[in-house]
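Enquirer: have a look at this fold, sequence not included:
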């Protein structure tokens, strides 16, 4: 059994030896260096004096406890305290500046609001004025349109009137011609009437002379007188018509003059 | 971190180191001293047993005290870095103490019915050397930390206290 255990130990030893040999090249030099300096240092370590080490242990532990209780790393270092002071100052200044800025901003907001209100009022007024102006312009436009339409109508009317004038002038000319003719006829009739009167006188004279059928002659004379009166009446009516035509012509001419003036 | 927290942390780690560096080695060597395997007495031929216990105790005390100082110090402080480095160096010396006290070359004598029939020698010097090599690398790391704490002390403090101006951190 012992021999078996020795075999197992040999196998383990072989494995360990293989690992050590494989790493020997890299680790051995470092180990040698360590051994050298440790051999040197250990010369200064006192031997057979455990109390000294216990004392060192106690000193290190107590100093460690004192140091780490006194300075646990919570307190800010001096240079950071200055930074804190500067930071506090900056924060105060920032707060002051914030307050100032807020006050200024509020003032400006109030000013801007008043200005905006004023401008809004002005704008409203302007809008109203513009609306009024727009209405006026619309009215003007409508008026102009109406005028244009009127002018168009007037033009049409003037054209019609001109046509009518021309027609009237033509009619007037015709009437004048007729009037002249009628005057001539009237003159002829007057002449005839005078001639008839003369004839009547002659006939009266003849009647008186002859005393033949005075009544028939009177009747013929009366008929001739009636005819003369009818012709005179016709001449009067023709004269009235001529006067009316002349008035119409004057009116048309006046309208034409007004239309040309307006244009 | 408060002082109470730091102190309790230091005490806890100090007790852990006392157990691992002093109590366990003491009981191990005491157990090995008179070991009986399958009815056969394997007597540890350890002439310097007391010497081993002495060095284990001395370095154990120093390591434990340094552990207390180290773990009760604030994070990333110079004192923590200093004592961490000292603790590491002491650890190296503690391990080396096994070598020079003879603990790395243990000789077991096999005794059957009062008759000594032979001996077994376990040489762990190479293992200790390997361990030293790894310790060398950790010392380098701790040294780097220590110098880092010293050089960047201001930055570390500013980070720890989170100094701000106008809501902005100082970098």
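Expert: Ah, there it is. It should be emphasised that the depicted structure is a prediction, and the values quoted were computed from it without experimental measurement.
Enquirer: when you work out contacts or count neighbours from here on, use the C-alpha atoms and nothing else.
Expert: Will do.
Enquirer: which element is residue A:9 on?
Expert: According to DSSP states H and E, residue A:9 maps onto helix A:2-42.
Enquirer: average model confidence for that helix?
Expert: The pLDDT scores in helix A:2-42 average 73.
Enquirer: residue 140: neighbour count?
Expert: Since no chain was named, I'll use chain A. Counted with other C-alpha atoms under 10 Å in any protein chain shown, residues neighbouring residue A:140 total 14.
Enquirer: was after chain B, sorry
Expert: 12.
Enquirer: OK, contacts around it?
Expert: Counting by C-alpha atoms under 8 Å, 6 or more residues apart in numbering or on different chains, residue B:140 makes contact with nothing.
Enquirer: distance check, it against chain A.
Expert: Going from residue B:140 to chain A by C-alpha to the nearest C-alpha, to the nearest Å gives 11 Å.
Enquirer: how far away is that residue from residue B:78?
Expert: 16 Å (C-alpha to C-alpha, to the nearest Å).
Enquirer: check residue B:112 and give its pLDDT.
Expert: 58.
Enquirer: go through stretch A:12-20 and flag the buried ones.
Expert: residue A:20 (16 or more other C-alpha atoms under 10 Å in any protein chain shown).
Enquirer: so where do the strands sit in chain A?
Expert: Counting by DSSP state E, chain A has no strands to list.
Enquirer: show me the shaky parts of chain B.
Expert: Where chain B drops to pLDDT under 70, the residues are B:1, B:33-48, B:99-135, B:161-171.
Enquirer: list the contacts of the residue lying closest to residue A:246 once chain neighbours are set aside.
Expert: Nearest residue to residue A:246, sequence neighbours excluded (C-alpha to C-alpha, 6 or more residues apart in numbering or on different chains): residue A:172, at 7.8 Å. Contact partners of residue A:172, counting by C-alpha under 8 Å, 6+ apart, are A:242, A:245, A:246.
Enquirer: now tabulate the residues you listed in JSON lines and tack on neighbour count and pLDDT.
Expert: Shown next, in JSON lines, are the contacts of residue A:172 (neighbours: other C-alpha atoms under 10 Å in any protein chain shown; pLDDT from 0 to 100):
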{"residue": "A:242", "neighbour count": "18", "pLDDT": "81"}
{"residue": "A:245", "neighbour count": "18", "pLDDT": "82"}
{"residue": "A:246", "neighbour count": "15", "pLDDT": "81"}
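Enquirer: what's in contact with stretch A:56-75?
Expert: So stretch A:56-75 is contacted by B:1-4, B:6-7, B:61-62, B:64-66, B:68-69, B:72-74 (C-alpha under 8 Å, 6+ apart).
Enquirer: closest one to residue A:150 out of the residues you listed, please.
Expert: residue B:1 (103.2 Å; C-alpha to C-alpha).
Enquirer: tell me the spacing between residue A:7 and residue A:30.
Expert: 33 Å.
Enquirer: with neighbour numbers in mind, choose between those two.
Expert: residue A:30 (21 against 12).
Enquirer: so which residues of the stretch 1-150 of chain A form helices?
Expert: Taking DSSP state H, counting those that start in this stretch as the criterion, the stretch 1-150 of chain A contains helices spanning A:2-42, A:50-70, A:78-210.
Enquirer: show me what the first one is packed up against.
Expert: If contacts are counted by 3 or more C-alpha pairs under 8 Å, 6 or more residues apart in numbering or on different chains; DSSP states H and E, helix A:2-42 sits against helix B:78-100, helix B:125-151.
Enquirer: any regions of the stretch 51-200 of chain A where pLDDT drops low?
Expert: Using pLDDT under 70, the flagged stretches of the stretch 51-200 of chain A are A:76-77, A:79-80, A:193, A:199-200.
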